[in-house]
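**Q** missing the sequence, but the structure's below:
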C-alpha cells in the first residue's frame, strides 16, 4: 500500500508543479504583452481605427476634388465660348 501512497503523492505533486508552471506561463505572457504594448505606444503609431477613418476621408476628398475639377473645366469652357462669340 505504501507504493500506491507514494504514487498518489507523486501525482499530486506533479499536478501542482504543472499547475504552477501553467500559471507562470500565463503571467509571463501577460507581462510580455504589457511590455510590447508600452513599446508600441512609444513609437507613437496610429491605431487602425483612426487610420481607416482618415483613409475614408481622403477617398471622399479625392472624389470631391475630381468633381470640382470637372465643374471648373465646364465653367471655363462656357466662359471661353462666350468670349469667342463676342
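**A** Now that the structure is in, tell me what you want to look at. Keep in mind the model is a prediction, meaning the values are calculated, not measured.

**Q** any idea how far residue 74 is from the one residue sitting closest to the centre of the chain?
**A** Most central in the chain under CA atoms, centre = their mean is residue 48, positioned 4.2 Å from the mean C-alpha point. Using CB to CB, to the nearest Å, one obtains 39 Å as the distance from residue 48 to residue 74. All C-beta atoms are positioned from the backbone trio N, CA, C, and that covers glycine.

**Q** what do you get for residue 68?
**A** Using CB to CB, residue 68 is found at 11 Å from residue 74.

**Q** Below-threshold pLDDT in this protein: ranges please.
**A** 1-3, 86 (pLDDT under 70).

**Q** which one's the longest helix in it?
**A** Of all segments of type helix in the chain, defined using DSSP state H, the longest is helix 2-42.

**Q** Which elements pack onto it?
**A** Taking 3 or more CB pairs under 8 Å, 6 or more residues apart in numbering; DSSP states H and E as the contact definition, helix 2-42 has no neighbouring helices or strands.

**Q** Tell me the helix or strand right after it.
**A** Next along the chain after helix 2-42, taking DSSP states H and E as the criterion, comes helix 48-85.

**Q** what comes up buried for that next one?
**A** Of the residues in helix 48-85, none is buried under the neighbour-count criterion (16 or more other CB atoms under 10 Å).

**Q** How far does that helix sit from its chain's centre?
**A** Using CA atoms, centre = their mean, to the nearest Å, we find the averaged C-alpha position of helix 48-85 to lie 32 Å away from the chain's own average C-alpha position.

**Q** Please apply the same query to stretch 34-52.
**A** Its chain's C-alpha centre lies 8 Å from the corresponding centre of stretch 34-52 when counted by CA atoms, centre = their mean.

**Q** ok, residues contacting that stretch?
**A** Contact partners of stretch 34-52, identified using CB atoms under 8 Å, 6 or more residues apart in numbering, comprise residue 54.
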